[in-house]
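Student: For reference, the sequence and a predicted model appear below.
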Amino acid sequence: MRAAIAVWEGRISPVFDVSRRILILDVEERVIRGRSEEDLPDQEPFRKAGRLRELGIETLICGAISRPMFQLLASFGIRVIPFTAGEVEAVIRTWLEGRLPSPRFAMPGFRYRGFGRHGIFDGSGYGSQEGDKPSDAWPGRGCGRRGKGGWRRKGSFD
């Protein structure tokens, strides 16, 4: 399996859409067999997603990602584990142990509720299980002004 991690200064890059560098891991039976870094093209989504496909990436671990970019990667069959934060090496260890996504590495303010049945987006669609619908899986659903539930904090929009 070939995985990519959006990196910036030894940490997961905060926003994939503007990431310029990825760490590529070649993994067999949860053991890293190869490792390299690659620059990504500019911010044009089709070029960036196309480059990941050219590199044979099957899984992408990243920070925040826009819905259009996620949809584009999913259409290319790339499984995405988004909204991940932390030091790259710690995230890699946790992923190899099969424990990612994890609240320990969730971006600040992110909650897993409404994030697909297992908290992972994959190339088969939005959720990790057949039959998940986009409205059930996208993490932004349910928060904010027009949301239907989710958390609210004091002073948030009604």
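Tutor: Structure received.
Student: Look through every helix and strand of the protein and give the one with the lowest mean pLDDT.
Tutor: Sorting the helices and strands of the chain by mean pLDDT, DSSP states H and E puts helix 134-137 at the bottom, at a mean of 37.
Student: Show the residue spans covered by the helices in the chain.
Tutor: Under the criterion DSSP state H, the chain contains helices at 45-54, 67-75, 88-96, 134-137.
Student: Those helices: which one's closest to S13?
Tutor: Closest to S13 of the helices of the chain is helix 88-96 (C-beta to C-beta; 9.6 Å). Just so you know, the C-beta spots here come from the backbone N, C-alpha and C atoms, and that holds for glycine as well.
Student: Show me what that closest one is packed up against.
Tutor: In this structure, helix 88-96 makes packing contacts with strand 2-8, strand 11-12, strand 21-28, strand 31-39, judged by 3 or more C-beta pairs under 8 Å, 6 or more residues apart in numbering; DSSP states H and E.
Student: want to throw those strands into JSON lines with distance to E97, mean neighbour count and mean pLDDT?
Tutor: Output for these, formatted as JSON lines (distance: least, C-beta to C-beta, whole Å; neighbours: other C-beta atoms under 10 Å; pLDDT from 0 to 100):
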{"stretch": "strand 2-8", "distance to E97": "14", "mean neighbour count": "21", "mean pLDDT": "97"}
{"stretch": "strand 11-12", "distance to E97": "17", "mean neighbour count": "20", "mean pLDDT": "96"}
{"stretch": "strand 21-28", "distance to E97": "12", "mean neighbour count": "17", "mean pLDDT": "97"}
{"stretch": "strand 31-39", "distance to E97": "12", "mean neighbour count": "10", "mean pLDDT": "96"}
